[in-house]
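S.K.: Here is my input; please provide its structure:
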Amino acid sequence: MTHSVVTWNINSVRLRLPMVLDFLAQYQPDVLMLQEIKCTNDQFPRNAFVESGYPHMAVHGQKGYHGVAIVSKFPLTEVSSRVFCEIEESRHVSALVDLGHGPFTLHNFYMNIWYFIHSNHFVIIKAILLNCTIFSSNFSVKG
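M.R.: All right, here's what the predicted structure looks like:
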């Protein structure tokens, strides 16, 4: 059986919720990883995702900007988030998922690559990449 994991810089999940729900209905990915959700955890439209067949979520939201989320048809465990480059913003969430072939970790990032180039956090990202199966990101380049 084939499985799919999709990533999307949504730039406000609440504003674009009808588009997301249409996409999920049409393509039925197993997992959707969103960047720039632009809402707090309690503002995330959980009920809409549950009603669309995605009852499992890992959300690391923030008011007004940034924020990342993973929504899944399959259970998510070991949900966590990390701070990189001493930036206290909601730019990472990870979770363990098993699509029926053994568990693996999903990492979802929203990060300006400038911070990594000028810090020692490339080592951390490289370590994460070496230890996970799926890595999703929206790295913007600024500088």
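S.K.: ok, Leu15 to Ala48 distance?
M.R.: In this view, Leu15 and Ala48 are 13 Å apart by CB to CB, to the nearest Å. C-betas here are computed from N, CA, C, even on glycine.
S.K.: Neighbour count for these two, which is higher?
M.R.: Ala48 (17 against 11; other CB atoms under 10 Å).
S.K.: ok, now which ones touch Leu15?
M.R.: Residues near Leu15 by CB atoms under 8 Å, 6 or more residues apart in numbering: Lys38.
S.K.: buried residues in the longest strand along the chain?
M.R.: Criterion DSSP state E: the longest strand present in the chain is strand 103-112. By 16 or more other CB atoms under 10 Å, the buried positions in strand 103-112 come out as Thr105, Leu106, His107, Asn108, Phe109, Tyr110, Met111, Asn112.
S.K.: And the strands in this structure?
M.R.: Using DSSP E, strands in the chain cover 5-9, 31-35, 56-60, 68-72, 76-80, 92-98, 103-112, 134-140.
S.K.: could those strands be laid out in CSV, adding distance to Ala25?
M.R.: Below are these laid out as CSV (distance: least, CB to CB, whole Å):
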stretch, distance to Ala25
strand 5-9, 13
strand 31-35, 12
strand 56-60, 18
strand 68-72, 13
strand 76-80, 21
strand 92-98, 21
strand 103-112, 22
strand 134-140, 21
